[in-house]
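Asks: What follows is a predicted protein model with its sequence.
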Amino acid sequence: MKNYICLPLLLISVSLYSQPKSIQAVKTEQAPKIDGNLDDATWTTAAVLDGFIQNFPTYGLPVSQKTEVKILYDNSAIYVGAYLYDDPVQVRKQITARDDEGQKDVDFFSVFFDTYNDHQNGFQFLVTTANVQSDSKPGPGYDGVFGNFGDKTWDAVWESSVKMQADGWSVEMKIPYSSLRFAKKEVQNWGLQLLRYNRRFSEFSFWNPVDPKVNGFVNQFGQLNELKNIQPPLRLSFSPYITTGFRSSPQTNGYLDEWLRNGGMDVKYGLNESFTLDATLIPDFGQVVSDNVINNLTPYEVKFTENRQFFTEGTELFNKAGLFYSKRVGATPSKYRSVKDFVANNSDWEIIKNPSVTQLYNGTKFSGRTKKKLGIGIFNALAAPMEAKLRNIITGKDSVIRTEEITNYNIFVLDQALKGRSYVTFTNTNVLRNGNGRDANVTAIDVALYNKRNSHSFKGTARYSKIWNANGYDGYNTTLSYGKVSGNWQYSFSGNIESKKYDPNDLGILTAPNEITYRGNLTYRIFKPTDKFITYSYTIGSRLQYLYKPYTFNRFDITANAFWVFRNFWDVNFKVQIIPGWERNYFALFTEGKHLSYPVNYYFQVDGSTDSRKKLFVRYSGVYAVAPKYDNTLTGTGLGFRFRFSNKFSLDLQTNSAFEKNQLGYAFIREPNGDPIVGFRNNREFTSVLSGIYNFNSRLNLTLRARHYWNEVKYKSFHDVDAKGYLVARPFIPDRDENFNIFNLDAFLTWDFRLGSKLIIGYKNWLGDEETVPFLNKNSYLHNLGEVFDLRHGNEITIRFIYFLDYNQLRKKH
């Protein structure tokens, strides 16, 4: 009899979960006061949204603590009020930096809107128990797994307030329409999702159930229906800024001292409800975290993380095709290094000025989406010409060298959202340089098609690149993939072709063209907790790679992964990769038409972390690889500690070390006839990063990050390479060893003294470019770290003041 009763209940439950929840929007004449208390009379007119369902750790169970949410709107904003029942003593309240609540000891509540109701794109607004805000833009590339909801580099201006209550905590949010975009319609239906995170149980719970077995996140939202006759005010805001400071940089003949001063303005203008124009005039990007520079011995360019806000905020549409590497804009002038080398080799000259960063005149972003769900994006940035000034010490005369031409960067995107999660995207990027400089253009089409059940997908891309210079050329890239994307069992097959001359690198990044790659993957995932695991997955995949022209074998590898999350919230990931035959690397020698052959090798990696709810959080990793033919071994370890001293103060130390015995690679030297020389070398690396944050309150914090990188390279033998990629012995070449150090210190005091307005005091310290630590017989990391502080360093201190001005507030005051 129990079986007959439970079966219908289960079917009803599954049916309810498969039907999106919906709520009728309620318009209010009186806006609630944003003070964290839901005691305004206007809240009584709103319906209560409850019945939250767990997504993690156990999908399908009700939320462990009662949660009630109310939503109102008027012509100015959307208002969200939430009452989150709990034992207030048990509620976690760590103060964090903005957008940094992940793996921190804090509870939070979040609301999501899919304003175009396209089931692909949205807006997220999150508030922690410490009233720290976080916001992001969910999109097709975000699955919601482990808090990966959207692009968190996007920041909006909105209000929130939190109050601790006798039976929990409550939050109120005011989200002005200036922080949203939506179609111009008399009656609007938006996607809606609500999230509660309970840190005590590491529990994610959603108002509309989010099934981890279903591919995608925004497509699992509920509905907020019939928002009527929204008449938003003009969306226009200004953020003028001024910056001042002092920089002292070590040079060959002393120090170069500079007084820094700059001023500019950011402007946001809503042309209508759907489209926004973002512009920055004479931007200053000095107050950003330093790049993680390394001693790159590979033929592949290192990709650095973008830290400049203008290029991280709201750029998801421009990078949907993966053709926008924003570090190209405002990069180091192309002749900056040659000027420094000239002075280093000519003692009669000194540097008066040699800018290391290209100044921008302006940057503009225009983006939005029509009521037909067509996304339109236009990006433009104009970089100023850069010049270095040198002085002849003997004659006293100055010389000016042009280190970079004026350059115009452009991106144009059309992104049509189709039914379900399908879409088609057109992208064009182009770079125009003054005079005889190199010009470039890339045009791309991306298509993604999902079936009605969202269980399978087909994706295809096509790109064409064209370069104009003295030796112009063009190329193409195309990909096809098909796979099962939902359920416990998932698989995919893909093919990628990059022609020999395909080159998107003027505004994008491609480390190695001229390849044909075939991939296949099979994954088994368990989302329902077992006696030992909360979730786990196993993946096996293979890759077969050829050179495009001439068409010849490159490499074949097999990779297996296993990932487990234990009941105590520890996690472990294990990876094995085997290259069962010789690999022909056509890029290792930095020489077209030649390749270097690598023997069979085996790679093993393990990494994981402990329960991040604890005061002491530990991350670990280990690597072992071996190529027996050349007695080549790689061993590496990583160990990280984060300790939370209080709800205001935490420190993090991450160390990574690697030692590769008999590493085979290009020695950056050639024979008299131009043939490349390779060498066996012992390569040792060690990196340590100490970072910390002290939050005085939710609006004022001090952050610090210090990084030291050490690389020791000792050559054991040198070889020529024959036509088949095999080694030919040659005499030893002395004085090719390297001892390379990088040190950076970045500290910022940030005060958000009012909505959208900031005062930032920054300090940067770095090891001079030409400073070196001499070799010792017993060279070690600690020796190099100690010696670094005895060398010359650059120093910079800056003060930046940003003031947010909203046109509507100014009009009301007037």
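Replies: Yep, it's here. Model, not experiment: these values are computed from the prediction.
Asks: Name whatever forms a beta bridge with residue 665.
Replies: As for beta bridges, residue 665 partners with residue 679 under DSSP bridges.
Asks: so where's the protein shaky on pLDDT?
Replies: By pLDDT under 70, the low-scoring segments of the chain are 1-18, 813-814.
Asks: element containing the closest residue to residue 88 other than its chain neighbours, please.
Replies: What sits nearest to residue 88 in space, not counting adjacent residues and going by CB to CB, 6 or more residues apart in numbering, is residue 164, at 5.4 Å. To be clear about C-beta, it is placed using only N, CA and C from the backbone, and glycine gets the same treatment. Secondary structure assigned from DSSP states H and E places residue 164 in strand 159-165.
Asks: who's in contact with that strand?
Replies: Here strand 159-165 makes contact (CB atoms under 8 Å, 6 or more residues apart in numbering) with 34-37, 83, 88, 91, 125, 127-131, 133, 169-174, 755.
Asks: Now with 6 Å, please.
Replies: The list of residues contacting strand 159-165 from outside it, by CB atoms under 6 Å, 6 or more residues apart in numbering, reads 34-37, 88, 127, 131, 133, 170-174.
Asks: What about the residue nearest to residue 88, how many residues nearby?
Replies: 13 (other CB atoms under 10 Å).
Asks: how close does it sit to residue 349?
Replies: As judged by CB to CB, to the nearest Å, residue 164 and residue 349 stand 65 Å apart.
Asks: what's the answer for residue 209, then?
Replies: Applying CB to CB, the value for residue 209 to residue 349 is 69 Å.
Asks: who has more neighbours, those two?
Replies: Neighbour count, other CB under 10 Å: between residue 209 and residue 349, residue 209 has more, with 22 against 19.
Asks: That one reaches residue 53, doesn't it?
Replies: Yes - contact between residue 209 and residue 53 holds when scored by CB atoms under 6 Å: they sit 4.3 Å apart.
Asks: Next, count neighbours for the closest residue to residue 288 other than its chain neighbours.
Replies: Once flanking residues are discounted, residue 288 sits nearest to residue 307: 4.0 Å by CB to CB, 6+ apart. Number of residues near residue 307 (other CB under 10 Å) recorded here: 16.
Asks: still on that earlier bit, looking at the contacts of strand 159-165, spot the one nearest residue 505.
Replies: residue 133 (36.8 Å; CB to CB).
Asks: how many other residues sit next to the closest one?
Replies: Residues lying near residue 133 (other CB under 10 Å) number 23.
Asks: can you pull the contacts of it?
Replies: Taking CB under 6 Å, 6+ apart, we find residue 133 in contact with 98, 160.
Asks: if we go to 8 Å?
Replies: Taking CB under 8 Å, 6+ apart, we find residue 133 in contact with 98, 125-127, 158, 160.
Asks: Bridged to it, which residues?
Replies: residue 127.
Asks: With residue 729 as the reference, measure out to it.
Replies: From residue 133 across to residue 729, the span is 64 Å (CB to CB).
Asks: Let me know the helix or strand that the residue most central in space within the chain is in.
Replies: The chain has residue 305 as the residue nearest its centroid, 6.6 Å off, counting by CA atoms, centre = their mean. Residue 305 belongs to no helix or strand when elements are defined using DSSP H and E.
Asks: residue contacts, it?
Replies: Residue 305 makes contact with 291-292 under the criterion CB under 8 Å, 6+ apart.
Asks: hmm, back to that, can you state the direction angle for the next helix or strand after the strand holding residue 164 and strand 159-165?
Replies: Once strand 159-165 ends, the next helix or strand along the chain (criterion: DSSP H and E) is strand 168-176. Using axes from the mean of the first three to the mean of the last three CA atoms, to 10 degrees, the direction of strand 168-176 lies 170 degrees away from that of strand 159-165.
Asks: Which positions in the host helix or strand of residue 677 come out as buried?
Replies: Residue 677 belongs to strand 676-697 when assigned by DSSP H and E. For strand 676-697, burial by neighbour count (16 or more other CB atoms under 10 Å) applies to 676-681, 683-689, 691-695.
Asks: Same check on stretch 126-145?
Replies: 126-140, 142-144.
Asks: okay, now residue 210: neighbour count?
Replies: Each residue near residue 210 was counted by other CB under 10 Å, and the total is 25.
Asks: Isn't it up against residue 216?
Replies: No - using CB atoms under 8 Å, residue 210 is not in contact with residue 216, being 9.4 Å away.
Asks: mind listing what the spatially closest residue to residue 301 that is not a sequence neighbour touches?
Replies: Distances taken as CB to CB, 6+ apart put residue 511 closest to residue 301, at 5.4 Å, once the chain neighbours are dropped. The contact partners of residue 511, by CB under 8 Å, 6+ apart, come to 300-301, 303.
Asks: Reformat those as CSV; add distance to residue 709 and secondary structure.
Replies: Formatted as CSV, those follow (distance: CB to CB, whole Å; DSSP: H, G, I helix; E, B strand; the rest coil):
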residue, distance to residue 709, secondary structure
300, 18, coil
301, 18, coil
303, 16, coil
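Asks: Most neighbours among those, which one is it?
Replies: residue 301 (13 neighbours).
Asks: and the gap between that residue and residue 337?
Replies: Note on residue 301: its distance to residue 337, by CB to CB, is 15 Å.
Asks: same check, this time on residue 327
Replies: According to CB to CB, residue 327 and residue 337 sit 16 Å apart.
Asks: Check residue 204 too.
Replies: Using CB to CB, which is the criterion applied here, residue 204 is 48 Å from residue 337.
Asks: Select only the buried ones of the contacts of strand 159-165 in ChimeraX?
Replies: Remark: buried members of the contacts of strand 159-165, expressed as a ChimeraX selection using 16+ other CB under 10 Å:
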select :34,36,37,127,131,133,170,171,172,173,174
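Asks: Taking the contacts of strand 159-165 together, which two end up most distant?
Replies: Within these, 88 and 174 form the most distant pair, 24.2 Å apart (CB to CB).
Asks: Pull the number of nearby residues for the residue lying closest to residue 298 once chain neighbours are set aside.
Replies: Once flanking residues are discounted, residue 298 sits nearest to residue 665: 7.5 Å by CB to CB, 6+ apart. Neighbour count of residue 665, defined by other CB under 10 Å: 20.
Asks: From the chain's centroid, how far away is stretch 237-254?
Replies: Between the centre of stretch 237-254 and the centre of its chain there are 26 Å (CA atoms, centre = their mean, to the nearest Å).
Asks: Let's see it as CSV, backbone CA atoms only.
Replies: As requested, the backbone C-alpha atoms of stretch 237-254 are provided in CSV (Å, rounded to 0.1, in the frame of the first residue of the first chain):
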residue,chain,number,x,y,z
SER,A,237,25.3,59.0,-14.9
PHE,A,238,28.8,60.5,-14.7
SER,A,239,31.8,59.3,-12.7
PRO,A,240,34.5,62.0,-13.0
TYR,A,241,37.9,61.1,-11.4
ILE,A,242,41.2,62.6,-10.6
THR,A,243,44.4,60.8,-9.9
THR,A,244,47.7,62.0,-8.5
GLY,A,245,50.8,60.3,-7.3
PHE,A,246,54.6,59.7,-7.6
ARG,A,247,56.6,56.9,-9.3
SER,A,248,60.3,56.1,-9.1
SER,A,249,61.6,53.5,-11.5
PRO,A,250,65.2,52.0,-11.5
GLN,A,251,67.0,52.6,-14.8
THR,A,252,70.4,51.7,-16.2
ASN,A,253,71.8,55.1,-15.1
GLY,A,254,69.9,55.7,-11.9
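Asks: Now it: buried residues?
Replies: Neighbour-count burial for stretch 237-254, counted by 16+ other CB under 10 Å, picks out 237, 239, 241, 243, 245, 247, 249-252.
Asks: Verify the stated contact: residue 631 with residue 662.
Replies: Yes - applying CB under 8 Å, one finds residue 631 in contact with residue 662, separated by 5.3 Å.
Asks: and those two? which has more neighbours close in?
Replies: Neighbour count, other CB under 10 Å: between residue 631 and residue 662, residue 662 has more, with 16 against 10.
Asks: In space, what's closest to the more buried one - neighbours in sequence excluded?
Replies: Here the residue nearest residue 662, using CB to CB, 6+ apart, is residue 632, at 4.4 Å.
Asks: Thanks again, I'm all set now.
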